[in-house]
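>>> Sequence first, then the predicted structure, then my questions.
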Amino acid sequence: MAPYNLNFWKYIRTLLPFQLRSDMTELLFAWIRPIRTLHSKFLNFRNAEAKALSYNAQYTALQRMLNDRFDKTQRRIRVREGSSTVNGPFVYPNADNRPAMLGTLLLFKSSQWGYAPFEVRIPQTLYSDTDKLARIKRLVDIYKFSGTQYIVNPY
């Protein structure tokens, strides 16, 4: 039994005196309809918040959340970690007796400064729908770590 599962019919029947049960039960049940409606809304809100709290900033949880919301049957949305390899120039300290030559200069987009951004890959059908694309970006913005960057790419 769930902790917030209330049987209003049972409570009315047990709290009424025996003599009034046949006459007043239906009337009281109708009177508490606003309370039953509020209770139902509370349970729906609680279930939605519990589901929202089950997601976090991990790539697998982001992927599961996006697939649950936008691609329930085929589950084609992928979230991949950004590349952590650096193909840029290296500078060695003098103690290594290596030359301090930088080689070629690499320029990156501002979204790639610092840590490598993670990638959200979505199907072309979702990418072309601007409303769904905006909702995907809003959800990723909510659940990602602050300061991390991401790129949404179609496939």
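On my side now, so go ahead.
>>> Can you name the residues in contact with the longest helix seen in the chain?
Determined from DSSP state H, the single longest helix within the chain is helix 33-53. Residues external to helix 33-53 that are found in contact with it (C-beta atoms under 8 Å, 6 or more residues apart in numbering): 4, 6, 8. Placement of C-beta: from N, CA and C, glycine included.
>>> Who wins on neighbours among those residues?
The most neighbours of any of those, using other C-beta atoms under 10 Å, belong to residue 8, which has 14 neighbours.
>>> you'd agree residue 119 is in a helix?
No - with DSSP: H, G, I helix; E, B strand; the rest coil as the criterion, residue 119 is located in strand rather than a helix.
>>> Low-confidence ranges, the chain, go.
Across the chain, the ranges flagged by pLDDT under 70 are 1, 83-115.
>>> switch to 50 and redo it
Judged by pLDDT under 50, the chain has its weakly predicted residues at 1, 88, 101, 105.
>>> where along it do the strands fall?
For the chain, the strands defined by DSSP state E occupy 78-80, 118-122, 150-154.
>>> any idea which of the ones you listed is most buried?
strand 118-122 (a mean of 19; mean count of other C-beta atoms under 10 Å).
>>> helices and strands around it, which ones?
helix 59-70, strand 78-80, helix 130-143, strand 150-154 (3 or more C-beta pairs under 8 Å, 6 or more residues apart in numbering; DSSP states H and E).
>>> and the longest one, what does it pack onto?
Going back to what we said before, that points to helix 130-143. helix 59-70, strand 118-122, helix 124-128, strand 150-154.
>>> CA atoms only for the first one - export them in PDB, please.
Looking back up the chat, that one is helix 59-70. Provided in PDB are the C-alpha atoms of helix 59-70 (Å, rounded to 0.1, in the frame of the first residue of the first chain):
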ATOM      1  CA  TYR A  59      25.000  10.900 -19.600                       C
ATOM      2  CA  THR A  60      23.000   7.700 -19.300                       C
ATOM      3  CA  ALA A  61      20.300   9.400 -17.200                       C
ATOM      4  CA  LEU A  62      20.100  12.300 -19.700                       C
ATOM      5  CA  GLN A  63      19.800   9.800 -22.500                       C
ATOM      6  CA  ARG A  64      17.100   7.800 -20.700                       C
ATOM      7  CA  MET A  65      15.200  11.000 -19.900                       C
ATOM      8  CA  LEU A  66      15.300  12.300 -23.400                       C
ATOM      9  CA  ASN A  67      14.200   8.900 -24.800                       C
ATOM     10  CA  ASP A  68      11.400   8.600 -22.300                       C
ATOM     11  CA  ARG A  69      10.000  12.000 -23.300                       C
ATOM     12  CA  PHE A  70      10.600  12.200 -27.000                       C
END
